[in-house]
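>>> mind looking at a prediction? Sequence and model below.
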Amino acid sequence: MTDIIQLAVKTLYRIPLSHGIAVALSGGADSVALAAAMAKAIIMENRHRPLLLLHCNFHLRGDESNRDAAIALEIAEKLSAPFQSIDFKDVPDIAARNGESIEMTCRQLRYAWFDSILSSLPVTTWLALGHHNEDNRETLLLNLFRGTGTRGLCGMDEFDPKRRFIRPLLHASRSEIESFLSANDLPWIVDSSNLIPDVKRNRIRLNIIPAIQKDFPDALQGLDTTTRNLADDYAILHQALESAIQRITLSPGIYDLLKLTDISASPRRVIFEIVREYGFNASQADNMASAIRSREAKHFGSSTHIASIHRGTLAVSPKESHQDICFQADDPFKLADMCGEFSCERISGGNLMEIIRQFATDKIPFYAMDASGTLPAGWIWRQPIQGDRIAPFGMNGKTRLVSDILSDAHASPTQKKQARLLVVEGTPVWLAPWRASAFRPVTRTSEEMLLFRL
């Protein structure tokens, strides 16, 4: 039987005594066990290491959400630990506005709040997360099914000094955690949403893993062994990648990709290692590798950075350093890869109008246009400028100033700065995420459509 408290003690050995610990406390078994174990381990240190418990209430499950918050507060009182909580009451609206799932929106809100709290504290503080062994297996399978590299198959980091994340219970099982709670008379809640196979992680936990265990009883132990082996392999790979990056770095954010083609068997892999830290994806890294010897300058964008390749040199800089954001391409798929802010999908067959109605019902920001026949050749994605006009859908071709649309929507200065305009052959067709036009509208007779989503 794994000693839960000793796992916490072992983790604390790796953290300077002057640093504090914040525990993400949902009220579930894993987070309650983590909070209790960390509190006990800190007492055993016989030092005054700060401990803080943090709880997020997303108000998605009515009385159940409030019950979770009450349990979290009860645990904090039992442990005599400082406690902070936050209420997020508009998650569905935020998710619809950003075109994200509820699950992803909650994650982003949660970690943004954690970061704001930790950055405001007077001492350096690490965030303790209650992930356990079963969580790690689910993550490995999720990454495998999505498509990943060696890093994605290594599972979660038990100790992440860069982000100051710790996962002391990563090698404990769910049953060991619950036994610890029962032995210490600690209450915990069961999140009913975890019992419904409505999201991918739940389906893996409730459907796929039991099916695997039925036919392959030792498969989960095999997954654990594979994860450990791949982690060792990735350590070696990471050393090689870091060495290659150092050899092609001209200055911070500037890289000689022409030299890279001579020293690496896989330039795209090295490029991805460079740019993923700036929010770029693997598809963009592939396109960057293809642009190394291009005679024309190529530009790519993530949510936070702009990457430019010119004459074999890659330059990455924050978006804030660019007064204007403007990408141009001869087709929408290239444009999507370059800017990284929206996706473009060609859909054919089925009831296209029903797909559009569903997106509208779910309040997901999108723009759809008829893709039958030859596609236009000129595509631009940029920030709106003074005097831009768009003909919103439903106004029979009449145009409105983009600035008026944003004012009517009570857009904040930040939202106005984040607004984007999709321009097709000189015609503004989508003020994202606010309004779309009737440019080449999808009708009941349309055989294909392009679907753009933020």
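Alright, I've got the coordinates.
>>> going by C-alpha atoms from here, please, whenever you check contacts or count neighbours.
Fine.
>>> show the end-to-end separation of stretch 194-204, please.
11 Å (Cα to Cα, to the nearest Å).
>>> pull the distance from that stretch to the chain's centre.
Centroid separation for stretch 194-204 versus its chain: 18 Å, with Cα atoms, centre = their mean, to the nearest Å.
>>> what's in contact with it?
Outside stretch 194-204, the residues that touch it by Cα atoms under 8 Å, 6 or more residues apart in numbering are 138-139, 141-142, 206-207.
>>> and for stretch 127-135?
Against stretch 127-135 from outside (Cα under 8 Å, 6+ apart): 21-24, 30-31, 33-34, 164-174.
>>> for the protein, where's the lowest mean pLDDT among helices and strands?
helix 413-418 (a mean of 74; mean pLDDT, DSSP states H and E).
>>> hmm, who's touching it?
383, 406.
>>> before we move on, back to that, out of the contacts of stretch 127-135, which are buried?
Neighbour-count burial (16 or more other Cα atoms under 10 Å) is assigned, among the contacts of stretch 127-135, to 21-24, 30-31, 33-34, 165-174.
>>> hmm, back to that, can you put the contacts of stretch 194-204 in a markdown table and add distance to residue 231, secondary structure and neighbour count?
Listed next are the contacts of stretch 194-204 as a markdown table, based on distance: Cα to Cα, whole Å; DSSP: H, G, I helix; E, B strand; the rest coil; neighbours: other Cα atoms under 10 Å:
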| residue | distance to residue 231 | secondary structure | neighbour count |
| --- | --- | --- | --- |
| 138 | 16 | helix | 20 |
| 139 | 14 | helix | 19 |
| 141 | 15 | helix | 20 |
| 142 | 17 | helix | 17 |
| 206 | 26 | helix | 15 |
| 207 | 27 | helix | 12 |
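>>> among those residues, which one lies nearest to residue 110?
Closest approach to residue 110 among the contacts of stretch 194-204 (Cα to Cα): residue 139, at 18.6 Å.
>>> got the contact list for residue 264?
So residue 264 contacts 244, 270 (Cα under 8 Å, 6+ apart).
>>> what do you get for the one 5 residues further on?
Shown in contact with residue 269 (Cα under 8 Å, 6+ apart): residue 285.
>>> host element of it?
helix 267-275 (DSSP states H and E).
>>> send the alpha carbons of that helix over as CSV?
Extracted in CSV, the C-alpha atoms of helix 267-275 (Å, rounded to 0.1, in the frame of the first residue of the first chain):
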residue,chain,number,x,y,z
PRO,A,267,14.3,19.9,-39.1
ARG,A,268,10.6,20.1,-38.6
ARG,A,269,11.0,18.3,-35.2
VAL,A,270,13.5,20.8,-34.0
ILE,A,271,11.4,23.7,-35.3
PHE,A,272,8.4,22.4,-33.4
GLU,A,273,10.5,22.2,-30.2
ILE,A,274,11.3,25.9,-30.7
VAL,A,275,7.9,27.2,-31.6
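>>> now it: mean pLDDT?
The predicted model assigns helix 267-275 a mean pLDDT of 92.
>>> run the chain-centre distance for that helix.
The answer for helix 267-275 is 19 Å, by Cα atoms, centre = their mean.
>>> could you point out which element follows it?
According to DSSP H and E, the helix or strand after helix 267-275 is helix 282-290.
>>> residue 144: neighbour count?
When neighbours are counted by other Cα atoms under 10 Å, residue 144 registers 14.
>>> ok, residue 178 next?
So residue 178, with other Cα under 10 Å, has 18 neighbours.
>>> among the contacts of stretch 194-204, which two are most distant?
139 and 207, at 14.8 Å, using Cα to Cα across these.
>>> in strands only, show me the contacts of stretch 127-135.
21-24, 165-166 (DSSP state E).
>>> compute the number of surrounding residues for residue 268.
Other residues close to residue 268 by other Cα under 10 Å number 22.
>>> pretty sure it contacts residue 284?
No - the pair residue 268 / residue 284 is not scored as a contact, 9.6 Å apart, by Cα atoms under 8 Å.
>>> so what's residue 344 bridging to?
residue 452 (DSSP bridges).
>>> avg pLDDT for the lengthiest helix in the chain?
Taking DSSP state H as the criterion, the chain has its longest helix at helix 219-248. Mean pLDDT, helix 219-248: 91.
>>> before we move on, what about stretch 442-454?
On average, stretch 442-454 scores 87.
>>> what comes up buried for it?
442, 446-454.
>>> residues contacting that stretch, please?
Here stretch 442-454 has contacts from 98-99, 341-349, 352-353, 364-372, 432-433, using Cα under 8 Å, 6+ apart.
>>> which among the residues you listed count as buried?
98-99, 341-344, 347, 352, 364-371, 432-433.
>>> pLDDT below threshold where in the stretch 301-450 of the chain?
320-324, 362-363, 412, 414 (pLDDT under 70).
>>> helices along that one, start to end?
For the stretch 301-450 of the chain, applying DSSP state H, counting those that start in this stretch gives helices covering 332-339, 352-361, 402-408, 413-418.
>>> can you list these in JSON lines and add distance to residue 220?
Output for the helices of the stretch 301-450 of the chain, formatted as JSON lines (distance: least, Cα to Cα, whole Å):
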{"stretch": "helix 332-339", "distance to residue 220": "37"}
{"stretch": "helix 352-361", "distance to residue 220": "38"}
{"stretch": "helix 402-408", "distance to residue 220": "53"}
{"stretch": "helix 413-418", "distance to residue 220": "45"}
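>>> quick check: which of the ones you listed has the most neighbours on average?
helix 332-339 (a mean of 22; mean count of other Cα atoms under 10 Å).
>>> what about that one, distance to the chain center?
20 Å.
>>> same deal with stretch 400-409?
With Cα atoms, centre = their mean, you get 30 Å for stretch 400-409.
>>> can you list the residues that contact it?
Under Cα under 8 Å, 6+ apart, the answer for stretch 400-409 is 384, 386-392, 416, 431, 434.
>>> output that stretch as CSV - backbone C-alpha positions only.
The C-alpha coordinates for stretch 400-409 follow below in CSV (Å, rounded to 0.1, in the frame of the first residue of the first chain):
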residue,chain,number,x,y,z
ARG,A,400,-22.3,48.9,-41.8
LEU,A,401,-19.1,50.3,-40.4
VAL,A,402,-17.2,47.7,-38.4
SER,A,403,-16.6,50.3,-35.7
ASP,A,404,-20.4,50.8,-35.3
ILE,A,405,-21.0,47.1,-35.0
LEU,A,406,-18.4,46.8,-32.3
SER,A,407,-19.8,49.8,-30.4
ASP,A,408,-23.4,48.4,-30.6
ALA,A,409,-22.0,45.2,-29.1
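>>> next up, the contacts around the residue nearest to residue 435 when sequence neighbours are not counted.
Counting by Cα to Cα, 6 or more residues apart in numbering, residue 435 lies nearest to residue 392, which is 6.2 Å off, once chain neighbours are set aside. Counting by Cα under 8 Å, 6+ apart, residue 392 makes contact with 398-400, 435-438.
>>> which among the residues you listed count as buried?
Buried among the contacts of residue 392 (16+ other Cα under 10 Å): 435-438.
>>> thank you, goodbye.
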